[in-house]
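**Student:** got a sequence here, can you model it:
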Amino acid sequence: MRPDLDLPALREEFDVSLTALREALEVLSAKGIIDARQERGTFVTPRSSWNVLDGDVTRWRSAGPVDVELLEDLGEVRSIAVPALDVVTSEVVNGVSS
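**Tutor:** A predicted model of the protein is given here:
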C-alpha cells in the first residue's frame, strides 16, 4: 500500500465501500500485518510482527517459497505446545482430572 494512498483512493481502486475497506484494514491490523497510527499513516509491518498463530497468516506465509523465518516460528510454537499437550494426554490416559 502506497503511503500517499488515502481511503477514498483505496476504496476506488478495489471498488469496495469505505465500511468494507475499514473492516479489511482492521482485520489486517489484528493479524499484525499492518500498523495504522493517527497522523503517521498505515504501514505494512515486518513479517516478524505478523501473528504466526493466525491460520490465515500461516497459510499466506507458507504459500510461497520456503520461509525459514516461518519454520523457526512454528518450531518455537511446537516447543511450547508439545510438552503441555504431553501433560494433558497423560492426564487423560491416566484418568486424572484437573
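
**Student:** surely Glu39 is in a helix?
**Tutor:** No - inclusion of Glu39 in a helix is not indicated when DSSP: H, G, I helix; E, B strand; the rest coil is applied; the result is coil.

**Student:** so what are the domain limits for the protein?
**Tutor:** The record's domain parsing of the chain by automatic domain parsing lists 1-45, 49-98.

**Student:** now do the last one: distance to the chain's middle.
**Tutor:** The offset between the C-alpha centroid of domain 49-98 and the centroid of the whole chain comes to 14 Å, using C-alpha atoms, centre = their mean, to the nearest Å.

**Student:** return the member of the domains of the chain having the minimum mean pLDDT.
**Tutor:** Of all those, mean pLDDT reaches its minimum on domain 1-45 (a mean of 82).

**Student:** now that domain, how far from the centre of its chain.
**Tutor:** For domain 1-45, the separation from the chain centroid amounts to 15 Å (computed by C-alpha atoms, centre = their mean).

**Student:** my guess is Val77 contacts Thr58. True?
**Tutor:** No - between Val77 and Thr58 there is no contact under C-beta atoms under 8 Å: 9.7 Å. C-beta: built from backbone N, CA, C; applies to glycine.

**Student:** run a quick neighbour tally on Trp50.
**Tutor:** Counted with other C-beta atoms under 10 Å, the neighbours of Trp50 add up to 23.

**Student:** tell me the contacts of it?
**Tutor:** Contact analysis of Trp50 by C-beta atoms under 8 Å, 6 or more residues apart in numbering lists 31-33, 57, 61.

**Student:** which neighbours do Val77 and Thr58 share?
**Tutor:** Each of Val52 lies in contact with both Val77 and Thr58 under the rule C-beta under 8 Å, 6+ apart.

**Student:** perfect, I'm done here.
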